[in-house]
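> here is my input; please provide its structure:
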Amino acid sequence: MATASDLPVSPLAPARFPDLPKVGGIEAVTHSLGLYKGKVRDDLLVMHFPEGASVGGIFTMSSTRSDDVDRCRAALKAGGGTARVLVVNTGNSNAFTGAAGIAKNAATIASARKMSACGEHEVFISATGVIGEPLPPQIVSGGVEAVWSGLGAPDWQKVANCIRTTDTFAKAAGETVDLNRRNVSIVGVAKGSGMIQPNMATTLNYLFTDAALAPNVCQALISRLGDLTYNCITVDSDTSTSDTLLFFATGAAGGEPIHDPDDPRLAGFVAAMHRVLEDLATQIVRDGEGASKIIEIRVEGAASDASAKVIACSIANSPLVKTAIAAGDANWGRVVMAIGKTAEPVERDQLTLWFGDHLVARDGARAPTYSEEAATRAVSGQEVFIRADLGLGHGRARVWTCDFTDGYVKINGAYRS
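Have a look, this model is predicted:
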């Protein structure tokens, strides 16, 4: 299997791993179970919330989703949004593994319960890696018991590195914000590089805060903000079997829990949480397999926000658009094509299109002031901006994607080897 250590770091990667605040009420440990054949790297993450945590989550809508996803959904419903343990393994997705996958998860949960003295529905599990390969149940469950004594303050860089697969850099973001006259921290880690088009959130992603939030608030905020961030990225239009986004709130910062997701006291916290999630989501795009450019697409003037989203994703997922931009080719006709093929409300002669701040098309034709040189400059850098105004209504959407290079083919052609 191709892994992070095999691949050059994305040219779009941040200059360094971020400085992250401490989040109270969390213990963590990482460990190598040897799930990456012939490679020694951490592939097991265990996180413990000694005093418990509120939790909310969103998950893949894939019909071939893993048992891990089903168990997390069930735990949220049956446990009322409380958590004590998170267990993540990489190197094997435990998806489409039938009875073996169910047995692996049952054993993992049993071990976590034994070590933490918690309820079944307070254990959350995730896995990522190759689909369809059964994993002996004792490997992960035994690992949980073996590493439990090593739990301590999270090393966020180790945590972020542990959950990587083909990612070329560790993804994390965080902020400290005032909430009801208390400093609270928000930290998130993410993994993702390929098989990225959200149909809920995307990939494996975990957000932690020491704010005192009730479970219903965690669920409402992660649903609302996940839709504005993770549901607005795409690398290759493929939705994973394992996509998970969990948000844990330990309450270790103190104070009475907030029970209303629309409480005005949450305004600053919600803004910070939005920034952290957007940072993580766009880092995934920056690490798109083989990517050399990040592309932001805005669609305005659509019949509805939903229509704008469909059109923006059509542009973002078009191989012809993505390959043209990879080559620095200002082929705006391909964007027009991607808009028109959606069957969404579009009036050809009302469409206006920009590459960067350069007007390339309007009134059903190339703009009179069009400059091939200016348009080429707009798609030649590492950050590309495309905007389309449909002139029909007030619907708008923003989507991030990356270009499509031969690196994507090479990485995925070697994924299982």
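> quick check: domain ranges of the chain?
By the record's domain assignment, the chain is partitioned as 4-286, 294-413 (automatic domain parsing).
> comparing those by mean pLDDT, which bottoms out?
When the domains of the chain are compared on average pLDDT, domain 4-286 comes out lowest at a mean of 92.
> quickly find the element holding the residue nearest to Pro154 when sequence neighbours are not counted.
Leaving out its chain neighbours, the residue that sits closest to Pro154 by C-beta to C-beta, 6 or more residues apart in numbering is Ala28, at 3.9 Å. Just so you know, the C-beta spots here come from the backbone N, C-alpha and C atoms, and that holds for glycine as well. According to DSSP states H and E, Ala28 maps onto strand 27-31.
> then Ala75?
helix 67-79.
> that helix packs against which elements?
The contact analysis (3 or more C-beta pairs under 8 Å, 6 or more residues apart in numbering; DSSP states H and E) places helix 67-79 against strand 44-59, helix 98-116, strand 123-130, strand 244-249.
> can you list those in a markdown table and add distance to Ile233?
Formatted as a markdown table, the helices and strands packed on helix 67-79 follow (distance: least, C-beta to C-beta, whole Å):
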| stretch | distance to Ile233 |
| --- | --- |
| strand 44-59 | 14 |
| helix 98-116 | 27 |
| strand 123-130 | 17 |
| strand 244-249 | 12 |
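> could I get the ones you listed as a markdown table with mean neighbour count and distance to Ala303?
Output for the helices and strands packed on helix 67-79, formatted as a markdown table (neighbours: other C-beta atoms under 10 Å; distance: least, C-beta to C-beta, whole Å):
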| stretch | mean neighbour count | distance to Ala303 |
| --- | --- | --- |
| strand 44-59 | 23 | 26 |
| helix 98-116 | 19 | 43 |
| strand 123-130 | 25 | 37 |
| strand 244-249 | 28 | 29 |
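> of all the ones you listed, which lies closest to Thr342?
Of all the helices and strands packed on helix 67-79, it is strand 44-59 that lies closest to Thr342, at 24.8 Å by C-beta to C-beta.
> quick one: work out the angle between that closest one and strand 123-130.
100 degrees (axes from the mean of the first three to the mean of the last three C-alpha atoms, to 10 degrees).
> what strands line up against strand 44-59, and which way round?
With DSSP bridges as the test, strand 44-59 is paired with strand 27-31 (antiparallel), strand 82-92 (antiparallel), strand 244-249 (antiparallel).
> can you show me the strands along this protein?
27-31, 44-59, 82-92, 123-130, 171-179, 182-191, 204-209, 244-249, 294-302, 352-355, 358-362, 365-366, 383-389, 395-402 (DSSP state E).
> please produce CSV containing these, extended by distance to Arg73.
What follows is these, written out as CSV (distance: least, C-beta to C-beta, whole Å):
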stretch, distance to Arg73
strand 27-31, 23
strand 44-59, 6
strand 82-92, 14
strand 123-130, 10
strand 171-179, 24
strand 182-191, 20
strand 204-209, 15
strand 244-249, 10
strand 294-302, 31
strand 352-355, 41
strand 358-362, 45
strand 365-366, 50
strand 383-389, 36
strand 395-402, 26
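> which one of the domains of the chain is the most hemmed in?
Most buried of those, by mean neighbour count (mean count of other C-beta atoms under 10 Å): domain 4-286, with a mean of 20.
> quick revisit: so which of the strands of the chain comes closest to Met273?
strand 182-191 (5.7 Å).
> export the closest one as CSV, just CAs?
The C-alpha trace of strand 182-191 is given here as CSV (Å, rounded to 0.1, in the frame of the first residue of the first chain):
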residue,chain,number,x,y,z
ARG,A,182,-13.7,31.6,30.0
ASN,A,183,-10.9,30.8,27.6
VAL,A,184,-11.8,27.6,25.8
SER,A,185,-9.7,25.7,23.2
ILE,A,186,-10.7,24.1,19.9
VAL,A,187,-8.3,21.6,18.1
GLY,A,188,-9.0,19.5,15.1
VAL,A,189,-7.1,16.8,13.2
ALA,A,190,-7.9,15.4,9.8
LYS,A,191,-6.8,12.9,7.3
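> let's have the chain start at 36 instead
Shifting the count to begin at 36 puts that one at strand 217-226.
> ok, that strand: who's next to it in the sheet?
By DSSP bridges, strand 217-226 pairs with strand 206-214 (antiparallel), strand 239-244 (antiparallel).
> Leu186 is nearest to which of these?
The nearest among the strands paired with strand 217-226, by C-beta to C-beta, is strand 239-244 at 14.8 Å.
> got the angle for that closest one vs helix 102-114?
30 degrees.
> now do strand 239-244: everything it contacts.
58, 61, 82, 121, 123, 161, 163, 198, 219-227, 257, 265, 277-285, 308, 311-312, 315 (C-beta atoms under 8 Å, 6 or more residues apart in numbering).
> same thing with stretch 334-343?
344, 346-347, 350, 379-380, 385, 422-432, 434.
> repeat for stretch 124-132
36, 68, 70-71, 78-80, 99-103, 136, 139-140, 161-170, 175, 178, 197-200, 226, 276-277.
> stretch 173-183 now?
64, 66, 68, 70, 79, 81, 122, 124, 139, 142-143, 145-147, 149-150.
> and which of the residues you listed is nearest Thr238?
Using C-beta to C-beta, the contacts of stretch 173-183 come closest to Thr238 at Asn124, 14.6 Å.
> how far away is the closest one from Leu79?
Using C-beta to C-beta, to the nearest Å, Asn124 is found at 5 Å from Leu79.
> now for these two: what residues contact both?
In contact with both Asn124 and Leu79: 68, 175, 178, using C-beta under 8 Å, 6+ apart.
> farthest from the middle of this protein: give me that residue.
The C-alpha centroid of the chain is most remote from Pro403, which lies 40.7 Å away (C-alpha atoms, centre = their mean).
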